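Trainee: Prediction below, plus the sequence it came from.
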Amino acid sequence: MKKVTIALGLAIVTFTATLAAASIARADDKADIEALEKRVAAGVEAKNADAIMANYIPGDSLIVFDLIPPRQYVGWDAYKKDWAGVIGGCADSPKMEISDLDITADGKLAFSHSIQHFVCTDAKGNKMEMTMRATDAYRKIKGKWLIVHEHLSAPIDLATGKADLTSKP
C-alpha cells in the first residue's frame, strides 16, 4: 500500500509539473507573438518592407488574403511587393495600431485575431485610413514564430456593397 501511495504521489507531482511547464511555455509563446506583431507595426511605421517581411515565412508557402486586390498573395515575394506598394504610397510616415490582440498558442502552431488601424497621407495629400480585422496563423520554426497565413478583412455594407473601413464595434 505504501508503494502505491508513493507512486501515485510521484505521478501527481510529475503531472502538475508538466502542466506548469506547458503553461509557462504558452505564456512565453504569446509574448513572442505579441512582440512579432509589434515588429510588423514598427516596420510599417518605418516604411521598411524588409522589417515587415522578417516576420513572415519565406518562400512560396505564405498565403495572404489582403484587404486590397488581388484576392490573394501567394509567396513571400508577392506579399513584400504588396507591402512596398502600400508604404511607398504614403507621403508621410504611416501609423499602424494593433488592438484587441488575442493569441492562442500550442507549442509549434498558433493563431491570433486583432483589429488593425492604418493611416497615412498619400502623395496628393489625401488621408488614407483603414480599420481592418486581422487573423494570423503562425508556425514556430527553429524556435522563431513566423506568420504563415494572414487574412485581412473589413465589414461590408450590403446595401451599398462598400467596405466599412472605419468600422466600430
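Mentor: On my side now, so go ahead. Note that the structure is a prediction, hence the values are computed from the model and not measured. Residues are numbered from 1 along each chain as shown.
Trainee: quick one: stretch 116-125 to chain centroid distance?
Mentor: Distance of stretch 116-125 from the chain centroid (Cα atoms, centre = their mean, to the nearest Å) equals 21 Å.
Trainee: Buried residues, that stretch. List them.
Mentor: For stretch 116-125, a neighbour-count test (16 or more other Cβ atoms under 10 Å) marks 116-118, 120-121 as buried. (Each C-beta comes from the backbone N, C-alpha and C, glycine too.)
Trainee: That stretch: end-to-end distance?
Mentor: Terminal residues of stretch 116-125 are spaced 22 Å apart (Cα to Cα, to the nearest Å).
Trainee: which element follows the strand or helix carrying residue 39 toward the C-terminus?
Mentor: Using DSSP states H and E, residue 39 sits in helix 2-45. Heading C-terminal from helix 2-45, the first helix or strand you meet, by DSSP H and E, is helix 49-53.
Trainee: beta partners for the residue most central in space within the chain?
Mentor: Nearest to the geometric centre of the chain sits residue 136, at 4.3 Å (Cα atoms, centre = their mean). Judged by DSSP bridges, the bridge partners of residue 136 are residue 112, residue 150.
Trainee: separation between it and residue 35?
Mentor: Distance, residue 136 to residue 35, by Cβ to Cβ, to the nearest Å: 13 Å.
Trainee: likewise residue 103?
Mentor: Taken as Cβ to Cβ, the span from residue 103 to residue 35 is 11 Å.
Trainee: re earlier: now do the helix holding residue 39, average pLDDT.
Mentor: Throughout helix 2-45, pLDDT has a mean value of 72.
Trainee: before we move on, what about stretch 60-71?
Mentor: If you average the pLDDT over stretch 60-71, you get 94.
Trainee: again with stretch 92-101
Mentor: Mean predicted lDDT for stretch 92-101 stands at 97.
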